[in-house]
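Novice: the following comprises the amino acid sequence and a computationally predicted model.
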Amino acid sequence: MKDTTIESIWGAGKVLSGSLSEYREGMRSVYLHLEHIIRTPESTPPEFSIGMDALPEDFFAARRNIFSTLFQASYRLLKINKQRRLLYAKLNLLFRIWVTSADNLLDNENKIVVPIRIAPCAHIMPQIISIMAADRVLKELLDEAVADNIITLEESSLLATSSLQIILPSAAEEAQEETGIKNRPDPEYVLNTIHRMKTAILFHIPFLGPESIEHSINPETLNQMKIAYDKIGLGCQLLDDIRDIARDYLEKKHNYILSQIFFHNHIAYINRVEQLQDIEEADNKIYSQFPEVVLPASSLAQSLLREGLFSLNSLGLNISSGIVDLMIRSLVNVLDVKELPDC
């Protein structure tokens, strides 16, 4: 069911509403390419046939494309022409496919970004196919952009190479957590170093094109945007940490809340998390049981989101402060920490 509140919030104002429409246009193009690529030869027996399933309407909902809409709006604020904005929209969806599919493999999750018709119980192979198909779509999109004189051949080569290099630091952080961490470091180190590598850097990915091949944009504006998205990324990761206390404890992953608890030796809270034994408890939302740590972290998260959004507003987003507050609440809801109070 369409969330009309989020649709109206993230469609507020000319810049945001136009950017959401523009990003959806880029999405449709990428999925058409994927549909063309993900198909078995016609001679394949039916039981071994693989193809694209129909796209759920929800894929295009505002609530699923909150950050992509903001990124698309940022290209407008940077005064990038529409043809290149659409190219960057397509690249952003490919990054989303790569990152989400990799997360699905690492975390045994199944967040679908490419609906593939395959054995219903399969979990690993759809992720592998999604990543491989997205790589091929990248080549097609860049080749088309060169043929249409949107970018040069040299710019295409630079984007292709940099598209892997830019996500490697985040991949390195994920790799360090694969076998589980051995201790809980200082929470400030988790926030300002680990989470910057893990998440905040992903909020800089959309600026790969502008940083690499745009030569007429204002570098100070671009830098201010990156600082704003750094805050937004950290704010979202803090909300993730609040939601994932149980999972991150059981899976031995870095978590700001857990570092606060163990680094500052909150005995009662330590006793509570140490009662978690079964991986089936991983998805339990237990954050209300740690108010002395969770409420300050929630306040910090929402402050970072507010600062980041107001920074974008000062650069031309042109939305009211009331809409900014509604945006933050919509993010809290989408990230599944609805019970947190507004800060």
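Specialist: Perfect, I can see it now.

Novice: can I see the domain layout of the chain?
Specialist: 1-165, 179-343 (automatic domain parsing).

Novice: residue contacts, Ile112?
Specialist: Counting by C-beta atoms under 8 Å, 6 or more residues apart in numbering, Ile112 touches Pro126. Every residue, glycine included, has its C-beta placed from N, CA and C.

Novice: can you tell me the SS state at it?
Specialist: Secondary structure, DSSP: H, G, I helix; E, B strand; the rest coil: Ile112 is coil.

Novice: on the pLDDT front, check it for me.
Specialist: At Ile112, the model reports a pLDDT of 93.

Novice: swap in the one 10 residues further on?
Specialist: According to the predicted model, the pLDDT of Ala122 comes to 89.

Novice: distance of it from Gly316?
Specialist: Noted for Ala122: a distance of 45 Å to Gly316, by C-beta to C-beta, to the nearest Å.

Novice: over to Ser163?
Specialist: For Ser163, the distance to Gly316 - C-beta to C-beta - is 27 Å.

Novice: so which of these two has more stuff around it?
Specialist: In this view Ser163 and Gly316 are compared by other C-beta atoms under 10 Å, and Ser163 has more residues nearby, 20 against 14.

Novice: out of the helices and strands in the protein, which is least certain?
Specialist: Using mean pLDDT, DSSP states H and E, the weakest-scoring helix or strand in the chain turns out to be helix 4-9, at a mean of 66.

Novice: that helix: what's the following helix or strand?
Specialist: Counting by DSSP states H and E, the next helix or strand C-terminal to helix 4-9 is helix 13-37.

Novice: buried sites along the helix or strand harbouring Glu154?
Specialist: Glu154 belongs to helix 153-165 when assigned by DSSP H and E. Using 16 or more other C-beta atoms under 10 Å as the test for burial, helix 153-165 gives 155-156, 158-159, 162-163.

Novice: elements contacting that helix?
Specialist: Judged by 3 or more C-beta pairs under 8 Å, 6 or more residues apart in numbering; DSSP states H and E, the packing partners of helix 153-165 are helix 82-107, helix 124-147, helix 208-213.

Novice: please enumerate residues in contact with the last one?
Specialist: Outside helix 208-213, the residues within contact range by C-beta under 8 Å, 6+ apart are 75, 78, 80, 84, 87-88, 91, 151, 155, 158-159, 162-163, 166, 217, 222.
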